[in-house]
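A.B. asks: Next input, structure requested:
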Amino acid sequence: MGKIAVIGGGASGMACAVLLARGGASVTLLERGGRLGKKLSATGNGQGNVTNLHAGTEFYFSDDLPRVGRILQAFPPRWTIAFLQSMGGRFLPDARGRVYPAGRQASAVTDLFRRELARCGVQVLTEAFVTRLARQNGTFSLAWEGGSLTADAVVLAAGGKAAKNFGTDGSAYALAAAFGHTCAPLSPVLVQLRCDPAQVRGLKGIRAEAFLKVVRGGEERYRTRGDVLFTESGVSGDGVFRASSYAVPGDTLVLDLLPDIPPDEVLAAIGAAEGEDCLLCLVNNGLGRVLYRRAGGDARSLAGLLKGLSLTVTGTLGFDYAQATRGGIFLHEVTDVLESRFAPGLYFTGEILNVDGACGGYNLQWAFASAACVAQALTGEKTW
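C.D. replies: Residues are numbered from 1 along each chain as shown. Below is the predicted model of the structure:
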């Protein structure tokens, strides 16, 4: 087995390092930043949404979904929960299958990993931004400013391009490219959507529970229900983040702002009063005033806006504000155990691969499952 270097101290890298060490490997974990798990500590709005009980290929995007499915089947959410609980703490699902630590504190999950890494004897090097990775005579050499090491195997778990404030700026793709690897086109997902400014003018800061549909060429591509927050340039909120995985520029986002009230009841409620006051206690007052003026005071037009406000998607807020990356190292360039087909001994886990999931714990499930797949391949053990 020899010495194994894991590049990237995020969720996938830490999980892989723990599993490798439990399997008897000598492991060095290298993190470019000053501390481990910075992005993990912010997941789930700081509450730590670590997986989802319903994780299946229908919630993922990749160039090889069958392979993603096999890995998820081998290391399903129940495995992730058992693995996390083997380090201490308790993890519980909510009504939507999202799994959180009982204490609802994401930073505590990171602390759990830090404690386990120390217990397992993993050497952790922070401020180690690996800029050179090479292989000669079956041995890998790694270098960063002020340091270097050699390893018999390397796990590249350095993340994608989203949220560079967490240290994931896309630079790790260059390490893989040095061995001939290529990437599917990169784009931000789980991110705020930009819309035609005229369509959201006057709505900044207003929040609503809505039913959302993504429509392309008259065909519905996705539907969900969730929070919508109007911004200066478009819309945000958990419902929009989920929809962003399915939307592209030119699509129409259709919002039902009164998802629990049938159209005829909406029309009846509007007709019960006159002027802008006709929407009191139906929607946010500010939202009501804007839509009332947009409808020219016509009751049927107003009801139509409330049950189907259309926004034209023009783009996203970009990688800096995204939670995940679409695209990455093609899965056809790695084996079934995520080992490079070009450089034996080089493995990939997590977001650096061309796999991304929907909002709700799916991306972390892939991070942990892919880490377990690689650890098992290297140690020959399905460690918990």
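
A.B. asks: Check which residues of the lengthiest helix in the chain are buried.
C.D. replies: Ranked by residue count, the top helix of the chain under DSSP state H comes out as helix 362-379. Buried positions in helix 362-379, judged by neighbour count with 16 or more other CB atoms under 10 Å: 362-376, 378-379. Any C-beta I mention is one placed from the backbone N, CA and C, and that applies to glycine too.

A.B. asks: How about stretch 319-335?
C.D. replies: Under the neighbour-count criterion of 16+ other CB under 10 Å, stretch 319-335 has 319, 322-331, 333-334 buried.

A.B. asks: Strands along the stretch 151-300 of the chain, start to end?
C.D. replies: With DSSP state E, counting those that start in this stretch applied, the stretch 151-300 of the chain shows strands at 153-156, 183-189, 193-195, 207-216, 219-230, 234-236, 252-256, listed in chain order.

A.B. asks: With respect to Arg104, which of those lies nearest?
C.D. replies: Taking CB to CB as the criterion, strand 219-230 is the member of the strands of the stretch 151-300 of the chain that comes nearest to Arg104, at 17.8 Å.

A.B. asks: Would you mind giving the domain segments of this protein?
C.D. replies: 3-187+319-379, 193-316 (automatic domain parsing).

A.B. asks: what distance separates the start and the end of the first one?
C.D. replies: Using CA to CA, to the nearest Å, the end-to-end distance of domain 3-187+319-379 comes to 12 Å.

A.B. asks: I'd like the average pLDDT over that domain.
C.D. replies: Averaged across domain 3-187+319-379, pLDDT comes to 96.

A.B. asks: again with the last one
C.D. replies: Computed over domain 193-316, the mean pLDDT rounds to 94.

A.B. asks: Give me the spatial nearest neighbour of Asp169, chain neighbours excluded.
C.D. replies: Lys161 (6.4 Å; CB to CB, 6 or more residues apart in numbering).

A.B. asks: residue farthest from the centroid of this structure?
C.D. replies: Summary for the chain: using CA atoms, centre = their mean, the residue whose C-alpha lies farthest from the chain's mean C-alpha position is Glu274, with a distance of 45.5 Å.

A.B. asks: Could you tell me how far it is located from Leu287?
C.D. replies: Note on Glu274: its distance to Leu287, by CB to CB, to the nearest Å, is 19 Å.

A.B. asks: re earlier: Ala299 versus the residue farthest from the centre of the chain, what's the distance?
C.D. replies: For Glu274 relative to Ala299 (CB to CB), the value is 10 Å.

A.B. asks: before we move on, back to that, and the longest helix of the chain with strand 183-189, angle?
C.D. replies: Between the axes of helix 362-379 and strand 183-189, defined by axes from the mean of the first three to the mean of the last three CA atoms, to 10 degrees, the angle is 140 degrees.

A.B. asks: can you pull out the helices in the protein?
C.D. replies: Using DSSP H, helices in the chain cover 11-22, 65-74, 77-86, 106-120, 173-177, 197-200, 238-244, 263-271, 285-294, 299-307, 362-379.

A.B. asks: Could you list the residues in contact with the first one?
C.D. replies: In other words, helix 11-22. Residues lying outside helix 11-22 but in contact with it, judged by CB atoms under 8 Å, 6 or more residues apart in numbering, are 4, 6-7, 27, 29, 31, 36-37, 39-40, 43, 83, 87, 113, 116-117, 120-122, 155, 157-159, 349-351, 364, 367-368, 370-372, 374-376, 378-379, 381, 383-384.

A.B. asks: quick one on the thing from earlier: what's the spacing between the longest helix of the chain and its chain's center?
C.D. replies: Taking CA atoms, centre = their mean, to the nearest Å, one finds the center of helix 362-379 at 15 Å from the center of the full chain.

A.B. asks: again with stretch 143-158
C.D. replies: Using CA atoms, centre = their mean, we find the averaged C-alpha position of stretch 143-158 to lie 26 Å away from the chain's own average C-alpha position.

A.B. asks: list the buried ones in stretch 339-353?
C.D. replies: Of the residues in stretch 339-353, those buried under the neighbour-count criterion (16+ other CB under 10 Å) are 339-340, 343, 345-353.

A.B. asks: I meant to write stretch 135-147 there.
C.D. replies: For stretch 135-147, burial by neighbour count (16+ other CB under 10 Å) applies to 135, 140, 142, 144.

A.B. asks: Quick one: residues in contact with that stretch.
C.D. replies: When contacts are defined by CB under 8 Å, 6+ apart, stretch 135-147 is touched by residues 5, 7, 30, 32, 125, 128-134, 148-154, 179, 343-346.

A.B. asks: May I see the PyMOL selection of the buried members of those residues?
C.D. replies: What follows is the PyMOL syntax selecting those of the contacts of stretch 135-147 that are buried according to 16+ other CB under 10 Å:
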select buried, resi 5+7+30+32+125+128+129+130+133+149+151+152+153+154+179+343+345+346
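
A.B. asks: Among the contacts of stretch 135-147, which ones are in strands?
C.D. replies: 5, 7, 30, 125, 130-134, 148-151, 153-154, 346 (DSSP state E).

A.B. asks: thinking again about what came up before, just the domains of the chain: most buried one?
C.D. replies: Mean neighbour count (mean count of other CB atoms under 10 Å) peaks for domain 3-187+319-379 among the domains of the chain, with a mean of 20.
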